[in-house]
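# Any chance you can model this:
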Amino acid sequence: MASISLVSVLRSRGSCLTAWLASPEPLIAESAARAGFDCVTLDMQHGLHDPGSIMRGIGAIALGGVPAIVRIPVGDFAMASRALDMGASAIIAPMINSAEDARAFAAATKYQPLGERSWGPVRAMQLAGATDGAAFLRDTNAETLTFAMIETRAALAALDDILAVPGIDAVFIGPSDLSIALSDGADVNPMRPDNQAAAADVLARARKAGKLVGIFAITGEQGRLYRSLGYDFIALGTDGMYFHLGASTMLAEARAV
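Residues are numbered from 1 along each chain as shown. Down below sits the predicted model:
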């Protein structure tokens, strides 16, 4: 079965909930893909992934029938290109703090005329079931999404310039880092009122620019809130949280008297 794109999921469902995986084990990625998430994100920034686990994880997610997204390490735009060649449907780039950062990100992830991505999507074409290179080239800029993370005071100040960069399809709010930035390092609290107000402003300005917006939710309740507010792409917890929640629930049931 050919892999599907995040673009097609968003087009059909309007929004999506993604699993967020730090573990480099492909069986966990496949299990997450089969668990009911709309897509699965592999985290290289704070997770334990390397290029090999990304390649294997994307293939495992494809077996589960949902799109794979990769969050690259800070500034590693070469990995962004490689992840797309491996079959990622979208790339999340952390710490995009200026239009210059955004242009470098777009250059690595989009083919000409939007960017400077080098040709070599052999694995991506295999997973997509594509055999016509010219057709793949024609469509892939629109079918692969770029999320620029907004999580600092500098990014907020440069937001309109970042949104205006050709090849940037979306922004992704990192609410924990943003809360640290807005409190000058005094607090990490994504739900603090000033932080939520800043996120709402990012959402409104991105909408005005015609861009998609994502955000990270620590709990299911937060995920429901963000869905109600109209976010397109919501990361829901982490694989460590899924394991802990499932195990603690089962243990509590087994030990109940």
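# Tell me if F136 really is in a strand.
No: F136 is assigned helix when assessed by DSSP: H, G, I helix; E, B strand; the rest coil, not a strand.
# residues near the closest residue in space to T131 that isn't next to it in sequence, how many?
Excluding the flanking residues, the one nearest T131 by Cβ to Cβ, 6 or more residues apart in numbering is M125, at 7.3 Å. All C-beta spots, glycine's among them, are computed from the backbone N, C-alpha and C. Neighbour count of M125, defined by other Cβ atoms under 10 Å: 18.
# which secondary structure element contains M125?
helix 122-128 (DSSP states H and E).
# could you give the mean pLDDT of that helix?
Mean pLDDT, computed over helix 122-128, is 96.
# which strands and helices sit next to it?
Identification of packing neighbours for helix 122-128 by 3 or more Cβ pairs under 8 Å, 6 or more residues apart in numbering; DSSP states H and E yields helix 51-63, helix 77-85, helix 133-143.
# Measure how the helix or strand just after the last one sits relative to helix 77-85, angle-wise.
The C-terminal neighbour of helix 133-143 among helices and strands, as given by DSSP H and E, is strand 145-150. Orientation check (axes from the mean of the first three to the mean of the last three Cα atoms, to 10 degrees): strand 145-150 against helix 77-85 gives 150 degrees.
# now strand 145-150, how far from the chain's geometric center?
Distance of strand 145-150 from the chain centroid (Cα atoms, centre = their mean, to the nearest Å) equals 7 Å.
# for it, what is the average pLDDT?
Mean per-residue pLDDT for strand 145-150: 98.
# SS state for the residue nearest the centre of the chain?
For the chain, the residue nearest the mean C-alpha position is I92 (4.5 Å; Cα atoms, centre = their mean). Here I92 is strand, with the state taken from three-state DSSP.
# need the contact list for it.
Contact analysis of I92 by Cβ atoms under 8 Å, 6 or more residues apart in numbering lists T41, I69, V70, R71, I72, F147, M149, F172, G214.
# repeat for D161
By Cβ under 8 Å, 6+ apart, D161 lies in contact with S98, A99, A102.
# Same question for A108.
Contact analysis of A108 by Cβ under 8 Å, 6+ apart lists F77, A78, A80, S81, G115, E116, R117.
# which pair in the residues you listed spans the largest distance?
Distance extremes for the contacts of A108: the farthest pair is A78 and G115 at 13.2 Å, using Cβ to Cβ.
# Between the two, tell me which one has more neighbours.
When neighbours are counted by other Cβ under 10 Å, A78 and G115 differ, and G115 comes out ahead with 19 against 11.
# That one falls within a helix, correct?
No: per three-state DSSP, G115 lies outside any helix segment and is coil.
# what's the distance between it and V122?
To V122, G115 is 19 Å away according to Cβ to Cβ, to the nearest Å.
# Give me the helix or strand of this protein that scores worst on average pLDDT.
Least confident helix or strand, the chain: helix 6-13 with a mean of 93, by mean pLDDT, DSSP states H and E.
# by contact count, what packs against the next helix or strand after that one?
Toward the C-terminus, helix 6-13 is succeeded by strand 16-21 as the next helix or strand (DSSP H and E). Contacts defined by 3+ Cβ pairs under 8 Å, 6+ apart place strand 16-21 against helix 6-13, helix 26-34, strand 39-43, strand 233-236, helix 239-255.
# Of those, which stretch is the most buried?
strand 39-43 (a mean of 27; mean count of other Cβ atoms under 10 Å).
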